[in-house]
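Undergrad: the following block contains a protein sequence and its predicted model.
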Amino acid sequence: MNKEFSQEHIMKICLAPELYLVMTKYHVQKEIGKTYAGLLLLTKALYQEGLISKDVYEKYIYRYSRKLVPEEQPQKLSSEQQKEKQKLDEKARSFSMAFSQWSDDHPDPDWRQKWISQAEKWQDKIPEAKEFLRKVGK
């Protein structure tokens, strides 16, 4: 009987109960299928042993990490929402820059008070503002 396709690449493995239990926990934790969990761990081990290249590793890690139930795609933001998000992102960056100038560069109390007031105003919307207040002791 001449088979057109070989099935030599298919492996069936028998795991010890302890390994099977850990593998089951892993696939549930990662929210991937049982087979993908095994292939994901095998891919990681092959890479660690230097048996596959980084490109091959990344290709298969991506493939075998796909969740059984895909996460919902975030809704596209309207033009107005994009502008608001951009404004918040810029504000967040400004708090990081202000803190980097806080100690030596700007001993001016008015400048410092302005940034404290700004951070207090935005602390509920921008985590960086809350972090800024924490760092400056307010």
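TA: Thanks, I have it.

Undergrad: residues of the longest helix seen in the chain that come out buried?
TA: As assigned by DSSP state H, the longest helix anywhere in the chain is helix 79-100. Within helix 79-100, the residues scored as buried using 16 or more other CB atoms under 10 Å are 91, 92, 94, 95, 98, 99. No exception for glycine: its C-beta is placed from N, CA and C like everyone else's.

Undergrad: chain center to the helix or strand just after that helix, what's the gap?
TA: As assigned by DSSP states H and E, the chain's next helix or strand after helix 79-100 is helix 109-122. Here helix 109-122 is found 32 Å from its chain centre; the criterion is CA atoms, centre = their mean, to the nearest Å.

Undergrad: check which residues of helix 109-122 are buried.
TA: Buried, per 16+ other CB under 10 Å, within helix 109-122: 115, 116, 118, 119, 122.

Undergrad: now do it against helix 79-100, angle only.
TA: Orientation of helix 109-122 against helix 79-100 (axes from the mean of the first three to the mean of the last three CA atoms, to 10 degrees) gives an angle of 140 degrees.

Undergrad: which strands or helices does helix 109-122 pack on?
TA: helix 79-100, helix 127-135 (3 or more CB pairs under 8 Å, 6 or more residues apart in numbering; DSSP states H and E).

Undergrad: including mean pLDDT, could those helices go into TSV?
TA: Formatted as TSV, the helices and strands packed on helix 109-122 follow (pLDDT from 0 to 100):
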stretch	mean pLDDT
helix 79-100	82
helix 127-135	85
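
Undergrad: fine, thanks again, bye for now.
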